[in-house]
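J.: Quick one, structure for this:
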Amino acid sequence: MKRRRGDFVPPRQQVQDVPVWGDFEDLASDLHNSVLDLSYPMADLINVWSRILALRSHWIQLDAEGRVEWPSISPPTKGGKGVNGGRAWTQQSGLRRDAWSQPAQPAGAGPAWSEHGATDQFGGPQRGAEVQANPIDNWKGKLQQAYSKQLGAKAIQKDEISYTIERVGTRFQATVQAPGLSEPFTGDVCSSKKLAEHAAARAAICSDFPQFADAGVSAKPAEPQQNARMKLNEMLSLLLGRQSTKEDTHYEIVPERTGKGQTFVCNLRLVCYEEPMLFQAVGAPTKKLAEQEAAEANSVRLVTFTGAFGEVFVLVHVMVSCLGRPRKALMLKEPAT
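T.: Numbers count the residues shown, from 1 in each chain. Below you'll find the predicted structure:
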């Protein structure tokens, strides 16, 4: 953990005790440096900005709930500076707008904060799924047992239950499929391939064999941890300069029959531009995943085109994955140039 640059550290606590706020400051510093670096990709810049907004929203909410302790400092002296420089002094409260203590966690709450910062839908680590998919629980073994018992088979072929693993940034996500499963199941994003396979097996058990799941485990299949629709709306708000609304995007779900069973196609239309943009995600096993994949903003690129209002940046989904194969979202309507 980096020591905060030039800031006063109260003797009652050291900065390494509050890594969450320090990570927030480091991310803000990264944004500052990225803005000044004209070679920094615009897509990456927007991603950093989105993460900052998400973390800032967390702190605002925690402050409103009274769960953050703001240490006081002396009022500004002549020249507008207090004993510690007064850089963070606010006249309204007389408090340094700096958090030196971790927000209190409610009883029974999950790991909402970690040494890596806040867990959010814009890139913060999410560790709850990995705890539930710990290999000690052996979800893969449970799936094999449930699968054979449910089908009444004494033995199943070695490759009958297959796992496909894909890299998501520096992490991994697995999909499990088998002839006896109702559909392919994709688990949560995890830090290792082994954990990813257990997460996928857990998703299959909770859906098709809930009686084999541990008590308290949700019986519905795992959905993507990051709400891609929320992220798309957030980034559209940044690009449009206003709060995006549901009228700005239109999702149309169309079922289709393939050799691997029924899948769903999602047509996503961005109607917030003079020339509406239409994109498509195909081959999702559920309607929910079809919508998520059409709005997916983890792997995006920016397409630049010139319209009546000059240069506009449009988010385009580049690569999604389902059934163990990559797919590319298609731009069905070319923008006017």
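J.: for the stretch 1-150 of the chain, what are the low-confidence residue spans?
T.: 1-20, 22, 65-137 (pLDDT under 70).
J.: would you list every one of the strands in the stretch 101-250 of the chain?
T.: 113-114, 117-118, 162-168, 171-177, 185-186, 249-258 (DSSP state E, counting those that start in this stretch).
J.: Could you say which of these is packed most deeply?
T.: Looking across the strands of the stretch 101-250 of the chain with neighbours counted as mean count of other CB atoms under 10 Å, the highest average goes to strand 185-186: a mean of 28. No exception for glycine: its C-beta is placed from N, CA and C like everyone else's.
J.: So what are the sheet partners of that strand and their directions?
T.: strand 171-177 (antiparallel) (DSSP bridges).
J.: Can you tell me what sits against the strand it pairs with?
T.: Residues outside strand 171-177 that contact it (CB atoms under 8 Å, 6 or more residues apart in numbering): 143, 161-166, 183-193, 195-197, 199-201, 203-204, 321-324.
J.: wait, what's in contact with Ser57?
T.: Counted by CB under 8 Å, 6+ apart, Ser57 has zero contacts.
J.: nope, Leu31 is what I meant
T.: Per CB under 8 Å, 6+ apart, neighbours of Leu31: 45, 48-49, 52.
J.: beta partners of Ala174?
T.: Going by DSSP bridges, Ala174 forms beta bridges with Ile165.
J.: Find the nearest non-adjacent residue to Leu55, please.
T.: Phe24 (5.0 Å; CB to CB, 6 or more residues apart in numbering).
J.: Name the next helix or strand following the helix or strand the one you found falls within along the chain.
T.: Here Phe24, judged by DSSP states H and E, is contained in helix 19-36. Once the chain leaves helix 19-36, the next helix or strand it forms, by DSSP H and E, is helix 42-64.
J.: buried sites along that following helix?
T.: The neighbour-count check on helix 42-64 (16 or more other CB atoms under 10 Å) flags 43, 45-55, 58-59, 62 as buried.
J.: With stretch 142-156 instead?
T.: For stretch 142-156, by 16+ other CB under 10 Å, it's 142-144, 146-148.
J.: Which of the residues you listed sits closest to Leu289?
T.: Leu143 (19.7 Å; CB to CB).
J.: mind checking how far that closest one is from Ile253?
T.: 28 Å (CB to CB, to the nearest Å).
J.: how many other residues sit next to the residue nearest to Arg56 when sequence neighbours are not counted?
T.: Nearest residue to Arg56, sequence neighbours excluded (CB to CB, 6+ apart): Phe24, at 7.5 Å. With neighbours defined by other CB atoms under 10 Å, the count for Phe24 comes to 19.
J.: wait, doesn't Phe24 sit right on Trp59?
T.: Yes: using CB atoms under 8 Å, Phe24 is in contact with Trp59, at 7.1 Å.
J.: what residues are up against Asp248?
T.: Asp248 neighbours (CB under 8 Å, 6+ apart): 233, 236, 240, 270-272.
J.: where's it relative to Gly169, distance?
T.: In terms of CB to CB, Asp248 sits 27 Å off from Gly169.
J.: same deal with Asn267?
T.: 27 Å.
J.: more neighbours, those two?
T.: Using other CB under 10 Å as the criterion, Asn267 and Gly169 rank with Asn267 on top: 18 against 10.
J.: Not counting its neighbours along the chain, what's nearest the more buried one?
T.: Nearest one to Asn267, counting by CB to CB, 6+ apart, is Glu252 at 4.3 Å.
J.: Also Ser244?
T.: Leu236 (4.2 Å).
J.: pLDDT wise, what is the one you found at?
T.: pLDDT, Leu236: 71.
J.: what do you get for the one 5 residues further on?
T.: pLDDT, Gly241: 72.
J.: which stretches of the stretch 151-300 of the chain form helices?
T.: Ranges of helices in the stretch 151-300 of the chain, per DSSP state H, counting those that start in this stretch, are 193-208, 228-240, 287-295.
J.: any idea how far Glu160 is from Glu166?
T.: In terms of CB to CB, Glu166 sits 21 Å off from Glu160.
J.: what about Ser29, distance to Glu256?
T.: For Ser29, the distance to Glu256 - CB to CB - is 47 Å.
J.: And for Ser237?
T.: 32 Å.
J.: try Asn138
T.: Asn138 is 36 Å from Glu256, by CB to CB.
J.: same deal with Gly187?
T.: 24 Å.
J.: Kindly report the same for Leu55.
T.: In terms of CB to CB, Leu55 sits 39 Å off from Glu256.
J.: Same question for Gln144.
T.: 31 Å.
J.: pretty sure Ser50 contacts Met235?
T.: Yes: using CB under 8 Å, Ser50 is in contact with Met235, at 6.0 Å.
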